[in-house]
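Participant: I'll drop the sequence and a predicted model, then ask my questions.
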Amino acid sequence: MQDAAPRSSDGQLLFLMEMVNKMKETDAGSRIASVHNGSSLFTGDAGSGESNIRRHIIENDWLEAIVQQTFTDFNQFRTRVDQHLKTAKLRLGASEKNAILNAVSWYDPQAEKVIRKTEKLSGEKLEKLLKHLGCTESQLGDFGYYPTDKAGEYLTYEPCSDLRDSESIPLKDHIHRYFVAEVKPHIAEAWINLDSTKIGYEISFNKYFYRHKPLRSMEAVAADIVALEQQAEGLIADILGLDIAEVSGVEHG
């Protein structure tokens, strides 16, 4: 087989190669199903690793069908995967299931958010969470807990790693106040992951030791430039054994 190494960032084709490698050579044969976005069908020019992978599969008559599935809501995809696993009576571990879900990834700002978990919060559990976050029940949305129409029920969503960001907040400032004032007006969908908060210390040299010096006036700068020009003319005249007037063409008083 010719070069069949896809680019290292193409997790889909790497995952497909691993599945093909584990196909069993039996009389009954093997069948695998792999979920991809469209790029696996056309990425890579002729002779490239990606193209050779497709060539190897097709020329060995291993490609049975390509089925298009359109999802505007990734939660539908998750549900469909669960249904197929149940129908096929397959039991997968959490890591194996996540590998399938992560094989297809995209970001569409118009798409529905991917639900991570439905939380039931009330009584002592709710009070403990509010104390941990240092907020009120109405502020839980700023910490990633979004209320549903049912009392005491909240949704948490999967974060998008490409959009994750961090802020350096003065130690004396309050994180939630800073978030409401400086972040939320610009990114309404953002929330605070308080568990990832870290406290660090730095001493800003410029803040404590820098002393501002006023800029020199234009007149002073111009006078220095003229003086430097005259000095340069004097050096050239000395080297050539000439008068300054002969070098500059200007009489100096």
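Facilitator: Received it, and whenever you're ready, just let me know what you need. In this text the structure is predicted, and so the values were computed from the model without any measurement.
Participant: quick one: secondary structure of the nearest residue to Gly134 once chain neighbours are set aside?
Facilitator: Leaving aside its sequence neighbours, Gly134 sits nearest to His176 (C-beta to C-beta, 6 or more residues apart in numbering; 7.0 Å). (Each C-beta comes from the backbone N, C-alpha and C, glycine too.) Classification of His176 using DSSP: H, G, I helix; E, B strand; the rest coil returns helix.
Participant: tally of neighbours for Lys86?
Facilitator: 10 (other C-beta atoms under 10 Å).
Participant: got the CA coordinates for the host helix or strand of it in CSV?
Facilitator: Taking DSSP states H and E as the criterion, the element that holds Lys86 is helix 74-87. What follows is helix 74-87 as a C-alpha-only set of coordinates in CSV (Å, rounded to 0.1, in the frame of the first residue of the first chain):
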residue,chain,number,x,y,z
PHE,A,74,-25.9,17.8,18.0
ASN,A,75,-28.2,16.4,20.6
GLN,A,76,-30.1,14.6,17.9
PHE,A,77,-26.9,13.0,16.8
ARG,A,78,-26.2,11.9,20.3
THR,A,79,-29.7,10.4,20.6
ARG,A,80,-29.3,8.6,17.2
VAL,A,81,-26.1,7.1,18.3
ASP,A,82,-27.7,5.8,21.5
GLN,A,83,-30.6,4.3,19.5
HIS,A,84,-28.3,2.5,17.1
LEU,A,85,-26.1,1.1,19.9
LYS,A,86,-29.3,-0.2,21.6
THR,A,87,-30.6,-1.7,18.4
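Participant: any idea how far it is from the chain center?
Facilitator: 26 Å (C-alpha atoms, centre = their mean, to the nearest Å).
Participant: which strands and helices sit next to it?
Facilitator: helix 94-103 (3 or more C-beta pairs under 8 Å, 6 or more residues apart in numbering; DSSP states H and E).
Participant: all strands of the stretch 151-253 of the chain, in order?
Facilitator: 153-157 (DSSP state E, counting those that start in this stretch).
Participant: mind listing the helices for the stretch 151-253 of the chain?
Facilitator: With DSSP state H, counting those that start in this stretch as the criterion, the stretch 151-253 of the chain has helices at 175-178, 205-209, 218-240, 244-248.
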